[in-house]
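Enquirer: Provided below for reference: sequence and predicted model.
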Amino acid sequence: MRSDVMKKGPDRAPQRSLLKANGYTDAQIRKPLIGIVNSFNEIVPGHSHLQTIARAVKDGVLAAGGTPVEFNTIGVCDGIAMGHEGMKYSLVTRELIADSVECMVKAHCFDGLVFIPNCDKIVPGMLIAAARLNIPSVFCSGGPMLSLPGADGKGMDLNSVFEAVGGFMQGTVSQEHLDYVEEYACPGCGSCSGMFTANSMNCLCEVLGMALSGNGTIPAVYGARLRLAKAAGARAVDLVRENLCPLDIMTKKAFTNALTVDMALGCSSNSLLHLTAIAHEAGVPFDMHYVNTISEKTPNLCHLAPAGFHHMQDLEAAGGVWAVMNEVAKLGLLELSLPTVTGRTVGENIAGREIRNSEVIRSVEHPYSATGGLAVLFGSLAPDGAAVKRSAVAPEMQVHEGPARVFESEEEAIAAIYASKIVPGDVVVIRNEGPAGGPGMREMLSPTSAICGMGLDKSVALVTDGRFSGATRGASIGHVSPEAVSGGPIAYVKEGDRISINIPEYKLDLLVSEEEMQRRREEMTPKIKTNLTGYLKRYARTVASADRGAIIE
């Protein structure tokens with residue numbers, strides 16, 4: 001066992017003595033040591049119940065003959081951090097999580113790992129760690145929050161609150177309704193209930209082969225979630241005995257499967273950022289142009305919030321991720337022979353998983369759209385690409401041209417939106433919010449929700465070198481690369497410039513001549529923040545661009 005180097009032989013008596021100080025018996029020390037990587041804390045609703053999940057995982061490890069050993073990572077709530085300086089500290093934690101797990105595992109010689117993430121950056125941070133460490137590992141998330149019906153009978157979620165704020169600012173939503181939505185949109189523990197970034201990544205864990213069925217969809221409060229946790233704990237011990245490791249599973253073909261099902265599910269645009277980073281850690285090339293190749297041939301089968309009104313509990317009841325995979329497989333778009341943490345192949349896992357609700361998961365004969373839920377746009381404004389969740393874009397905004405309304409920060413843009421300074425036809429441009437320029441590449445649910453709440457989502461687009469919450473809907477185009485601070489074209493956009501968006505043709509262009517752009521490069525200097533301190537200062541110095549997954553160099 002890997003842990004033998006730390007615990008076996010006369011010369012390791014000091015190490016065994018320290019383990020015994022924790023209460024471990026000789027019999028426990030001899031067994032496989034399974035690290036339980038828990039992201040529990042008391043501020044993130046997606047994580048506040050993870051002690052219960054961890055207890056169930058430990059039960060599974062014990063039942064299978066292993067010794068569970070728990071340690072923790074940090075985790076940021078994107079919703080709480082949204083709209084202020086705190087959001088700069090969200091994406092940056094992905095690398096901190098990966099690094100801290102690496103340190104704990106290497107220092108203590110675990111034989112296997114069970115990762116317990118739930119929310120946005122924690123899942124990819126742990127997947128990066130799993131690829132880097134490459135010891136037997138399985139993922140078991142905390143599960144999604146329930147969605148309760150609102151006054152209109154449609155399920156609510158965190159985005160409902162943000163959009164209600166936009167309506168309140170415009171005067172179309174009463175204080176009473178805002179209070180109601182605030183009270184009931186987030187009814188309890190779990191990751192926010194739409195196909196936002198957390199749930200997107202937890203679903204993609206299943207597709208990559210790193211999690212058991214239901215990891216992304218079984219609600220946090222269901223008993224089935226605890227049963228899943230026990231099964232994951234037991235499976236971790238089996239994986240150690242089989243020596244089945246993450247890089248045996250997360251191959252190039254597995255990432256192609258993940259990208260394909262991403263398109264069918266209509267996942268968050270952030271999934272591209274994270275899949276790119278995870279693939280980099282796994283040594284797998286990830287070309288942004290290939291995203292569109294996959295999108296062109298993959299139908300979008302699900303319109304979960306924010307694209308539609310269904311939520312994660314509906315996806316679970318309709319058959320879950322494996323039912324979506326089984327449907328996509330009918331088109332021959334998945335590699336079915338790949339290994340997974342179940343001990344079976346992808347094809348064996350999904351065989352017989354039928355759709356139980358054809359509105360939540362549509363058939364390949366009757367998709368929501370013939371192309372995938374995400375697209376990467378290229379052009380004179382984004383030479384290295386920009387991401388959009390096109391399944392959440394209204395038909396009338398798939399092609400749009402309008403004047404640029406330029407803002408140097410999210411705060412400036414929000415103030416203008418709430419002051420009714422943005423009018424139909426505008427293209428809001430928010431720059432200096434990229435990985436290095438922000439720094440931290442803030443999610444911008446506040447301005448996009450304000451646009452939607454004020455009824456402008458079918459007439460106004462938003463373009464940024466920052467990124468968007470998975471809850472964002474509308475013509476919201478993020479990850480513009482190169483970013484402004486690196487001298488990308490977005491740094492030289494001026495108020496009133498015409499911007500052309502053509503999602504079906506994957507184009508994003510600034511309609512300014514090359515001669516004019518050259519003059520601007522000579523006259524204008526990208527803004528670089530010079531007052532940075534602490535971790536953000538180090539992060540800004542070393543982070544790569546969004547098209548490379550905002551990895552740390």
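Expert: Nice, thanks for sending it over.

Enquirer: what's the burial count for S358?
Expert: The number of residues packed near S358 is 11, by other CB atoms under 10 Å. Just so you know, the C-beta spots here come from the backbone N, C-alpha and C atoms, and that holds for glycine as well.

Enquirer: ugh, wrong one, L148
Expert: Around L148 there are 15 residues (other CB under 10 Å).

Enquirer: in contact with M201, which residues?
Expert: Shown in contact with M201 (CB atoms under 8 Å, 6 or more residues apart in numbering): 120, 123-124, 127, 271, 274.

Enquirer: least confident of those residues?
Expert: Lowest pLDDT within the contacts of M201 is found at D120 (93).

Enquirer: okay, and R405 sits in which element?
Expert: Using DSSP states H and E, R405 sits in strand 399-407.

Enquirer: list the helices and strands that strand packs on?
Expert: The contact analysis (3 or more CB pairs under 8 Å, 6 or more residues apart in numbering; DSSP states H and E) places strand 399-407 against helix 410-418, strand 427-430, strand 498-502.

Enquirer: the same query, at a cut-off of 10 Å, please.
Expert: Here strand 399-407 touches helix 410-418, strand 427-430, strand 461-464, strand 498-502, strand 507-510, going by 3 or more CB pairs under 10 Å, 6 or more residues apart in numbering; DSSP states H and E.

Enquirer: export those to TSV and append columns for mean neighbour count.
Expert: TSV is the format used below for those (neighbours: other CB atoms under 10 Å):
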stretch	mean neighbour count
helix 410-418	20
strand 427-430	27
strand 461-464	28
strand 498-502	19
strand 507-510	21
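
Enquirer: which ones are touching K389?
Expert: Neighbour list for K389: 195, 200, 266-272, 306-307, 373-375, 468, 470, 472-478 [criterion: CB atoms under 10 Å, 6 or more residues apart in numbering].

Enquirer: residues contacting P32?
Expert: Counting by CB under 10 Å, 6+ apart, P32 has contacts 1-3, 61, 64-68, 110-112, 136, 236-241.

Enquirer: restricted to strands, list the residues you listed.
Expert: 67-68, 112 (DSSP state E).

Enquirer: and stretch 288-308, which residues are buried?
Expert: By 16 or more other CB atoms under 10 Å, the buried positions in stretch 288-308 come out as 288, 291-292, 294-295, 298-308.

Enquirer: from those residues, pick the one nearest G155.
Expert: A305 (7.0 Å; CB to CB).

Enquirer: quick one: the residue nearest to that closest one when sequence neighbours are not counted from M145, how far?
Expert: Once flanking residues are discounted, A305 sits nearest to G194: 3.3 Å by CB to CB, 6 or more residues apart in numbering. Taking CB to CB, to the nearest Å as the measure, G194 falls 9 Å from M145.

Enquirer: so between those two, which is more surrounded?
Expert: For G194 versus M145, the count of surrounding residues by other CB under 10 Å is larger for G194: 32 against 29.

Enquirer: who's in contact with the more buried one?
Expert: For G194, the contact set (CB under 10 Å, 6+ apart) comprises 144-145, 147, 155-160, 200, 268, 304-312, 469-471, 473.

Enquirer: now do the contacts for the nearest residue to L158 once chain neighbours are set aside.
Expert: In space, and not counting its chain neighbours, L158 is closest to C192: 4.5 Å by CB to CB, 6+ apart. For C192, the contact set (CB under 10 Å, 6+ apart) comprises 45-46, 77-79, 119-120, 144-145, 147, 157-159, 185-186, 198-199, 305, 311-312, 469-471.

Enquirer: coming back round to it: out of the contacts of M201, which one sits closest to A491?
Expert: Distance to A491, by CB to CB, is smallest for H274 among the contacts of M201, at 25.4 Å.

Enquirer: which element, helix or strand, includes the closest one?
Expert: Element membership for H274 (DSSP H and E) is helix 270-282.

Enquirer: about what we covered before: so which of the helices and strands packed on strand 399-407 is nearest G534?
Expert: With CB to CB as the criterion, G534 lies closest to helix 410-418 of these, at 20.6 Å.

Enquirer: give the other helices and strands that the closest one contacts.
Expert: In terms of contact count using 3+ CB pairs under 10 Å, 6+ apart, helix 410-418 is assigned the packing partners helix 158-170, strand 399-407, strand 427-430, helix 445-453, strand 461-464.
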